Every structure is written in structure tokens, then in C-alpha cells.
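In: this one's structure only:
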Ligand SMILES: NC(=O)c1ccc[n+]([C@@H]2O[C@H](COP(=O)([O-])OP(=O)(O)OC[C@H]3O[C@@H](n4cnc5c(N)ncnc54)[C@H](O)[C@@H]3O)[C@@H](O)[C@H]2O)c1
């Protein structure tokens with residue numbers, strides 16, 4: 001408990017709900033084997049249950065001023081309730097607005113991060129809020145806090161910012177998560193497999209549907225996410241035509257589930273036709289939490305050891321890292 005990672009979050013949405021409820025779940029099951037859903041029960045000596053959320057920021061009036069335990073079920077959040085309650089005592093503070101970045105808000109975030117002795121700030125804002133994402137990262141740098149950026153907006157890919165985090169011996173990990181078992185990962189692995197077996201892909205597409213707020217937001221402002229997904233998929237050789245629709249629409253009925261339709265048409269021996277149709281149906285925010293847990297522990301460990309900047313170990317967990325794959 002005394003050595004728990006002291007986590008702060010900017011954006012108390014579905015990702016954070018899935019992360020914190022999951023950590024609470026593992027607090028009760030940590031000794032059990034196999035530990036289902038966890039890649040590394042311990043990473044750099046830090047257990048999956050050894051993270052405490054000590055600070056939180058949001059701008060949604062239904063969340064600000066509430067305890068985290070309440071806030072994770074407010075607003076548009078629709079990740080299901082999987083534990084009775086979470087142990088985190090933090091109260092959600094007002095953060096940095098998207099439409100107008102005010103210095104007083106930034107100063108408040110810096111002071112609160114210092115007061116709570118936060119080690120890592122998880123930026124889990126809706127995608128397409130670049131000014132707010134960068135301002136949270138600047139605030140973390142001023143407060144001596146490492147950063148993990150979940151959104152597809154460029155934070156780690158801003159060279160000057162990355163250089164300053166490196167100089168301050170603070171990790172800066174992102175951008176955008178490659179979910180634990182998500183559509184980009186599965187799609188790329190399938191394309192890789194066809195390529196390795198000598199097939200040629202004439203055309204492939206991926207359409208994603210979901211019923212959470214992230215999908216509603218990506219339907220209207222999906223450009224950064226599209227670029228991020230293309231970054232993952234366009235590295236596979238031998239693909240003649242590739243189309244990706246990050247959010248084919250917001251389907252409330254699906255709740256926090258995500259359904260991805262992946263189609264691949266190619267040619268094998270002597271030009272013979274091969275068609276793959278795949279439907280992937282997952283709990284969207286758990287899929288994010290399953291990698292956030294590792295990124296947060298990498299960032300905390302790096303900060304404790306004084307190893308700043310981007311860490312290459314994080315590359316498989318990200319869609320848009322600053323270095324090329
Ligand atoms: N599988 C996944 O869910 C997944 C995978 C990869 C990346 N991501 C990305 O992670 C991010 C978060 O996803 P989510 O599903 O939790 O989103 P969400 O919409 O459920 O939550 C976002 C939260 O941020 C808050 N917010 C908005 N502006 C803010 C500001 N300026 N300051 C503080 N809080 C603010 C909102 O009120 C909301 O509580 C998104 O950018 C998403 O694209 C998600």
C-alpha cells in the first residue's frame with residue numbers, strides 16, 4: 001500500500017471507470033492463478049493492484065465535486081458496474097477546458113498534482129481536444145509528474161515536449177492505445193499472416209461500431225483516430241487497398257461494447273481467391289484498461305528510476321508512438 005503508484009487522471013470517462021473497477025477487482029483476486037485478463041501480474045515489481053488514484057480532473061458538471069467512486073458512473077459513462085465500490089478517495093476537481101485554456105486552470109492542475117504527490121498523469125480525454133491534452137502534459141511537467149496519453153491527439157509526438165520530459169527525467173508515453181485485443185491489432189496480425197504466407201491482399205476494410213461516448217465523439221471528430229489506425233495498418237506490405245472507418249456510427253444499443261467488422265480479400269496460389277470476414281465483439285473500455293495498466297506502471301517505474309522521455313517497451317501498446325515501428 002505504501003509503495004502504490006500515485007495516479008492522477010484527466011478525464012473520468014469509461015476508460016478510467018474500467019481501469020479503476022478492474023484494479024479493485026484484482027485487489028480481491030490477486031493471489032489467484034491464472035490471473036485472467038492481465039498480461040503482467042507484476043511489471044517492474046509493481047502489482048496490478050498496486051495503483052491508487054489520488055487525483056482526478058474533469059469538466060463535466062455531473063462529475064466535478066463528486067468522489068471518484070460516484071463520478072465513474074455519471075454523465076455519459078456506460079461501462080458496467082463490475083464491483084460494488086472502488087476504494088479511491090479522490091474527489092474530481094475542475095480541470096482545463098477544451099475550448100479555452102485558462103492559465104488559472106493550468107495552475108490549479110499543477111498545484112493539485114503537487115499537493116497529492118501524484119507520480120503519473122493519465123490523459124484520457126476525448127480525441128480531438130489537442131490544446132487541452134497538451135496543457136495537461138505541460139502541467140504535469142511543471143509538477144514533476146510522468147504522463148501517459150490515451151487520446152489520438154499528438155502529445156508524445158510533439159518533439160519539443162518530448163525533449164523537455166526527457167531532460168526532466170520524466171517518462172512521456174503515448175499516443176493512443178493499441179487496445180488489449182482490439183480491431184487494429186487483430187486486423188494487422190491477420191494481414192501480417194497473409195503476407196507471411198505469400199498471399200497478396202487486393203483490398204481490406206475495417207468498420208467499427210459502438211454505443212459509448214468515445215464512438216459518438218469519433219463519429220463527429222475521427223480524423224486523429226483514423227490517422228492513428230492507418231499508422232498501425234499501413235506498415236503491412238502487399239496490401240493494395242486499405243479503408244478504415246474508426247466509428248461507423250453511434251449505436252446506443254451496444255452500450256460500452258465495440259463491434260468491428262473486418263474484411264480481407266486476397267489471392268493465393270496461382271491467383272486463387274481468399275476471403276476473410278471477421279466480427280470482433282469486445283467490451284471497449286476494458287480493452288483500453290488492459291493496456292493502460294501496463295503503461296502506467298512503466299511510467300511510474302521510469303520516473304522512480306529517473307529514466308525520462310519515451311520508453312521503447314511501450315511501442316507494442318500504442319497506435320501512434322513517436323518512433324516508427
Ligand atoms: N478501447 C478504448 O476505449 C480506447 C482505445 C484507445 C484509445 N482510446 C481513447 O482514450 C480516450 C478516452 O476514452 P474514453 O472511452 O474514456 O472516453 P469518454 O468519452 O468516456 O471519457 C472522456 C472524459 O473526459 C472528460 N473531458 C472532456 N474534456 C475534458 C477536459 N478538458 N478536461 C478533463 N476532462 C475532460 C469527459 O467529460 C469524460 O468524462 C479517447 O480519446 C479514446 O479515443 C480509447
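Out: Yep, that arrived. Since the model is a prediction, treat every value here as computed from it, not as a measurement.
In: Going by residue numbers, what spans are helices in the stretch 101-250 of the chain?
Out: 103-115, 130-143, 159-167, 183-196, 213-220, 223-233 (DSSP state H, counting those that start in this stretch).
In: can you put those in CSV and add distance to residue 72, mean pLDDT and mean neighbour count?
Out: The way it works is simple: take the backbone N, C-alpha and C, and place the C-beta from them, glycine included. Output for the helices of the stretch 101-250 of the chain, formatted as CSV (distance: least, CB to CB, whole Å; pLDDT from 0 to 100; neighbours: other CB atoms under 10 Å):
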stretch, distance to residue 72, mean pLDDT, mean neighbour count
helix 103-115, 19, 98, 16
helix 130-143, 19, 98, 22
helix 159-167, 28, 98, 15
helix 183-196, 25, 96, 18
helix 213-220, 13, 93, 20
helix 223-233, 23, 91, 20
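In: and of the ones you listed, who's closest to residue 248?
Out: helix 213-220 (8.0 Å; CB to CB).
In: what's next to that closest one, contact-wise?
Out: Residues from elsewhere that reach helix 213-220 (CB atoms under 8 Å, 6 or more residues apart in numbering): 13-14, 75-78, 126-128, 208-209, 225, 246-251, 258, 284.
In: Mind doing that once more with 6 Å?
Out: Helix 213-220 has contacts (CB atoms under 6 Å, 6 or more residues apart in numbering) with 76, 126, 225, 246, 247, 249, 250.
In: Look at the last one and say how many residues are nearby.
Out: Okay, so that is residue 250. Using other CB atoms under 10 Å, residue 250 is surrounded by 18 other residues.
In: residues in contact with it?
Out: 215, 216, 219.
In: And the first one, how far from residue 246?
Out: Distance of residue 215 to residue 246, computed by CB to CB, to the nearest Å: 9 Å.
In: Next up, phi/psi of residue 322, please.
Out: As for residue 322, its main-chain torsions (degrees, to the nearest 10) stand at phi -70, psi -20.
In: Quick one, grab the pLDDT at it.
Out: Per-residue confidence (pLDDT) for residue 322: 95.
In: Just the closest of the contacts of helix 213-220 to the ligand, please.
Out: residue 126 (4.8 Å; CB to the nearest ligand atom).
In: can you list the domains in this protein?
Out: The record's domain split for the chain, according to automatic domain parsing, is 5-178+286-317, 183-283.
In: The last one near the ligand anywhere?
Out: Spelled out, it's domain 183-283. Yes - using CB under 6 Å from any ligand atom, domain 183-283 reaches the ligand at 212, 213, 214, 217, 225.
In: ok, now the first one?
Out: Yes - contact between domain 5-178+286-317 and the ligand, assessed by CB under 6 Å from any ligand atom, occurs at 10-15, 57-60, 75, 77, 95-98, 124-127, 129, 132, 150-152, 176-177, 287-288.
In: Show the low-confidence segments of the stretch 151-300 of the chain, by residue range.
Out: Scanning the stretch 151-300 of the chain for pLDDT under 70 picks out nothing.
In: For it, which segments are assigned as strands?
Out: Along the stretch 151-300 of the chain, the segments classed as strands by DSSP state E, counting those that start in this stretch run 172-173, 200-210, 242-245, 257-267, 273-283.
In: Which residues does the second one contact?
Out: With contact meaning CB under 6 Å, 6+ apart, strand 200-210 is reached by 183, 187, 194, 238-249, 251, 254, 258-267, 284.
In: try stretch 154-161
Out: Applying CB under 6 Å, 6+ apart, the set of residues contacting stretch 154-161 from outside is 133, 137, 149, 162, 172, 174, 175, 322.
In: do that again at 8 Å, thanks
Out: By CB under 8 Å, 6+ apart, stretch 154-161 touches 123, 130, 133-134, 137-138, 141, 147, 149, 162, 172-175, 224, 310, 320-322.
In: Endpoint to endpoint, it covers what distance?
Out: With CA to CA, to the nearest Å applied, stretch 154-161 spans 10 Å between its terminal residues.
In: for residue 61, what are its contacts?
Out: By CB under 8 Å, 6+ apart, residue 61 lies in contact with nothing.
In: Check the spacing between it and residue 94 real quick.
Out: With CB to CB as the criterion, residue 61 and residue 94 are 9 Å apart.
In: again with residue 163
Out: Look at residue 163 and residue 94: by CB to CB, they are 30 Å apart.
In: residues near the residue nearest to residue 240 when sequence neighbours are not counted, how many?
Out: Of all residues not flanking residue 240 in the chain, residue 202 sits nearest, at 5.3 Å (CB to CB, 6 or more residues apart in numbering). Residue crowding around residue 202 was assessed by other CB under 10 Å; the count is 14.
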